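**Q** Here you go, sequence then predicted model.
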Amino acid sequence: MRDYALNRALSAGEAPGGSFISRLFRNWLARRAVARLADYDDHMLSDIGLSRKDIYWAIRQPLSVNAALILEDRQRQRRRFFVI
């Protein structure tokens, strides 16, 4: 599990040892990208496996958390339980 988390952080550009300010900036940019999803209509959001409630939940997380990554985790967990 530790290797998975490290590989995921590296692929997201959040390598260990990066400065705190740069991580906050990346998380702020990710939060802005997630916020743009709120402009989509509910049908489009359901097509990609999200709800408006999920988007607002991700936006309300602390800035120390990458909103895009936790939204992706939430979507993946939901998909795991509702496999067609």
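**A** Cool, the structure landed.
**Q** Show the residue spans covered by the helices in the protein.
**A** The residue ranges that make up the helices of the chain, judged by DSSP state H, are 2-11, 20-36, 42-47, 52-59, 67-81.
**Q** Would you mark the buried spots in the shortest one?
**A** Meaning helix 42-47. Residues of helix 42-47 classed as buried under the neighbour-count rule (16 or more other CB atoms under 10 Å) are residue 45. No exception for glycine: its C-beta is placed from N, CA and C like everyone else's.
**Q** just the last one next, same as before
**A** Buried residues in helix 67-81, counting neighbours by 16+ other CB under 10 Å, are found at 67-72, 74.
**Q** now do the fourth one
**A** Buried positions in helix 52-59, judged by neighbour count with 16+ other CB under 10 Å: 54-55, 58.
**Q** Which member of those residues is positioned nearest residue 19?
**A** residue 58 (23.5 Å; CB to CB).
**Q** Single out whichever of the buried residues of helix 67-81 has the smallest pLDDT.
**A** Ranked by pLDDT, the buried residues of helix 67-81 bottom out at residue 74 (88).
**Q** low-scoring stretches of this structure, by residue?
**A** Low-confidence segments of the chain (pLDDT under 70): 1-17, 81-84.
**Q** what about the residue nearest the centre of the chain, distance to residue 39?
**A** Ranked by distance to the mean C-alpha position of the chain (CA atoms, centre = their mean), the top residue is residue 68 at 1.9 Å. Separation of residue 68 from residue 39 (CB to CB, to the nearest Å): 16 Å.
**Q** show me what contacts the residue nearest to residue 42 when sequence neighbours are not counted?
**A** Counting by CB to CB, 6 or more residues apart in numbering, residue 52 is the residue found nearest to residue 42 once chain neighbours are left out, at 6.5 Å. In this structure, residue 52 makes contact with 38, 42, 45, judged by CB atoms under 8 Å, 6 or more residues apart in numbering.
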